[in-house]
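*Asks:* Give me coordinates for this.
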Amino acid sequence: MKEQVQKTFEALFALEDIREVLREALPIGPDPGEEQAIREGVARVRAILDDLEAGTGSPEVTKIVGSLDIRNREEACINIQPIQAAGRLTLEARKALIAYGDGYSTCDACRKPFRLDKITKPPIAAFHEDLARFLNMDTVRAVPGARRGFQAVTSTLVKPGDPVIVSSLAHYTEFLAVEGAGGVVKEVPVSRQNLITPDAVAEKIEDVRRETGKNPALAMIDHVDYQFGNVHDVAGIAKIARQYDIPFLLNGAYTVGVMPVDGKAIGADFVVGSGHKSMASVAPSGVLAMTDEWASKVLRTTAMVGDMTSRKFGIKEVEMLGCTLMGGTLLSMMASFPTVKERTLRWDEEVKKSNYCIDTLLSISGSRVLSEYPRKHTLTKVDTTGSFDTVARTHKRRGFYFSDELSQRGIVGEFAGATRTWKLNTYGLSRKQIRYLADAFTEIAEKYDLPITK
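*Replies:* Numbering: from 1, shown residues only. Below you'll find the model as predicted:
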């Protein structure tokens, strides 16, 4: 397996060497020296492919350049890293990255009005329309990560000193977006089940009104939080926000692209998603969707005029700094989009697989789930203080023994050395991989004589 992965990368790199010769050739064709280089390159590819087919051969290429290693984690291992699972590129996205990796590749056919979301070849304009329909929102922009979506909204709606409602489980980028606009975060406490409830949001709004004499400028709540992977009642929270006439931003970093998200049915004014976290896209990428009510504000176009040149820049959007995602980043999102749309319809199956894995982990005596249970999402926080950590207390490798055992079985992504509380994400794993992962947990438990409930 490892030899075949290695040889696959070597074959891809050898093909890129041939591609480089073609790039340097004139449009009329390669010269005799370049033809020779191509023949030698093809022979090298054939030799590598022979090794690939036979599963033989020693590594010839271990670095991309300098000290930059080849990343083969997704080919050689099962990766349960919480933030990487749903950002794993589709086959189509990897192909798009090969073809559109050049910096301004999206701009080959850019014509007036010279704005990214208006480009028709490649079909970027149509993609924006499809994406808006997918989220059931009126307008959408592709942005460099969910954080840039937060920033665009807060810089428009939040003034210095304005309070902003966030979850006490909120991601740090939500804090930074509020701080950058000069606002002040006001955190909603969680329930005993680590959930943000509509009642708790209403109570926090009332606290803010009593304290400041005004409504919060914005409410930002995670659909699914990154700490526990719990699914929060965002529709109920959106209803509360609307009753107080507070704009509501849904942070869908862990939901847009993996499960159905209907912005208008939820009652959101804004929906923010993460391309590299949940839409099988190259980082940094994300989406910002909104209703028509807010488009003219958040997507305002420039009105500034140069004092010497009298230059104006047409319909460039201020909060987007004109254009956002370009090159392979955007094209990877576009290439993955058909698969992303389809996979959201199989969300129930992903949750079932997650529960199968977690149930197996719970069969090991002393293991607990800190997230909602049964699981409603594939990101889960577990507590193995009473199971795997009991071994770590006397093992010479301490908690790293667990990482060693998983690594030996081709499983990566857990926080190295963690045997007390840690997170995993099973999204996108096949049934075969899920069974393998679950069996690995019980095999390790059996090896160290941990009790298992069959």
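*Asks:* what are the ranges of the helices in the stretch 351-454 of the chain?
*Replies:* With DSSP state H, counting those that start in this stretch as the definition, the stretch 351-454 of the chain shows helices at residue ranges 388-392, 400-408, 431-447.
*Asks:* Of all those helices, which one is nearest Asp269?
*Replies:* Nearest to Asp269 among the helices of the stretch 351-454 of the chain is helix 431-447 (37.3 Å), distances taken as C-beta to C-beta. To be clear about C-beta, it is placed using only N, CA and C from the backbone, and glycine gets the same treatment.
*Asks:* Show me where the stretch 251-400 of the chain dips below the pLDDT cut-off.
*Replies:* Low-confidence segments of the stretch 251-400 of the chain, defined by pLDDT under 70: none present.
*Asks:* roughly how far apart are Phe150 and Lys316?
*Replies:* In this view, Phe150 and Lys316 are 21 Å apart by C-beta to C-beta, to the nearest Å.
*Asks:* the more surrounded of the two?
*Replies:* For Phe150 and Lys316, the more surrounded residue by other C-beta atoms under 10 Å is Phe150, and the numbers stand at 30 against 17.
*Asks:* what helix or strand does the more buried one sit in?
*Replies:* helix 146-157 (DSSP states H and E).
*Asks:* what packs against the next helix or strand after that helix?
*Replies:* Scanning forward in sequence from helix 146-157 by DSSP H and E, the next helix or strand is strand 163-167. Contacting strand 163-167 under the criterion 3 or more C-beta pairs under 8 Å, 6 or more residues apart in numbering; DSSP states H and E are the following elements: helix 172-180, strand 184-188, helix 198-212, strand 218-222.
*Asks:* so strand 163-167 versus strand 218-222, what angle?
*Replies:* Note on geometry: by axes from the mean of the first three to the mean of the last three C-alpha atoms, to 10 degrees, strand 163-167 and strand 218-222 are set 10 degrees apart in direction.
*Asks:* Surely Ile246 is in contact with Ala219?
*Replies:* Yes: applying C-beta atoms under 8 Å as the test, Ile246 and Ala219 come out as touching, 5.2 Å apart.
*Asks:* Between those two, point out the one with more neighbours.
*Replies:* When Ile246 and Ala219 are compared on other C-beta under 10 Å, the one with more neighbours turns out to be Ala219, at 27 against 21.
*Asks:* That one pairs with what?
*Replies:* In this entry, Ala219 is beta-bridged to Ile165, Phe248, by DSSP bridges.
*Asks:* start the count at 54, not 1, going forward
*Replies:* I'll keep to 54 as the first residue from here, and by that count the last item is Ala272.
*Asks:* okay, it: pLDDT?
*Replies:* Ala272 is assigned 98 on the pLDDT scale.
*Asks:* Quick check: neighbours shared by Ile299 and Ala272?
*Replies:* Overlap between the neighbourhoods of Ile299 and Ala272 consists of Ile218, Ile258, taking contacts as C-beta atoms under 8 Å, 6 or more residues apart in numbering.
*Asks:* ok so, going back, what's the helix holding Phe203 in contact with?
*Replies:* Contacting residues not belonging to helix 199-210 are listed as 194, 196, 217, 226-227, 229-231, 233-234, 236, 270-271, 273, 300, 302, 304, 306, 323, 325-327, 330, 337, 339-341, 350-351, 353, 372-373, 377 [C-beta under 8 Å, 6+ apart].
*Asks:* Taking these, please make a ChimeraX selection of just the buried ones.
*Replies:* Selection command for ChimeraX covering only the buried members of those, criterion 16 or more other C-beta atoms under 10 Å:
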select :194,196,217,226,227,230,231,234,236,270,271,273,300,302,304,306,323,325,326,327,330,337,339,340,341,351,372,373,377
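*Asks:* coming back round to it: can you tell me which of the helices of the stretch 404-507 of the chain is packed in deepest?
*Replies:* When neighbours are counted by mean count of other C-beta atoms under 10 Å, the highest per-stretch mean among these falls to helix 441-445, a mean of 21.
*Asks:* so what does that helix touch, helix or strand wise?
*Replies:* Helices and strands in packing contact with helix 441-445 are listed as helix 453-461; criterion 3+ C-beta pairs under 8 Å, 6+ apart.
*Asks:* switch to 10 Å and redo it
*Replies:* For helix 441-445, the packing partners by 3 or more C-beta pairs under 10 Å, 6 or more residues apart in numbering; DSSP states H and E come out as helix 453-461, helix 484-500.
*Asks:* how about Ser98, what does it touch?
*Replies:* Quick fix: residue 98 reads Val, not Ser. Shown in contact with Val98 (C-beta atoms under 10 Å, 6 or more residues apart in numbering): Glu63, Ala64, Leu65, Phe66, Ala67, Leu68, Asp70, Ile71, Leu105.
*Asks:* Can you get me a residue count around Glu56?
*Replies:* Neighbouring residues of Glu56 were enumerated by other C-beta under 10 Å; the total is 15.
*Asks:* and it, that's in a helix?
*Replies:* Yes: following the definition DSSP: H, G, I helix; E, B strand; the rest coil, Glu56 is counted among the residues of a helix.
*Asks:* just checking, it touches Gly110?
*Replies:* Yes: contact criterion C-beta atoms under 10 Å: Glu56 and Gly110 qualify, at 6.5 Å.
*Asks:* Give me the common contacts of the two.
*Replies:* Taking C-beta under 10 Å, 6+ apart as the contact criterion, the common neighbours of Glu56 and Gly110 are Asp104.
*Asks:* Give me the buried entries from the contacts of Val98.
*Replies:* If you count burial by 16+ other C-beta under 10 Å, the buried members of those come out as Glu63, Ala64, Phe66, Ala67, Leu68, Ile71, Leu105.
*Asks:* Okay, and which of these map to helices?
*Replies:* Among the buried ones among the contacts of Val98, DSSP state H puts Glu63, Ala64, Phe66, Ala67, Leu68, Ile71, Leu105 in helices.
*Asks:* Local confidence estimate at the first one?
*Replies:* Yep, that's Glu63 we're talking about. pLDDT recorded at Glu63 is 96.
*Asks:* Now do the same contact list for it.
*Replies:* When contacts are counted by C-beta under 10 Å, 6+ apart, Glu63 is found next to 97-98, 100-102, 104-105, 110, 112-115, 123.
*Asks:* Same question for Gly310.
*Replies:* 139-140, 187-188, 326-328, 330-334, 340, 386, 389-390, 392-394, 396-397.
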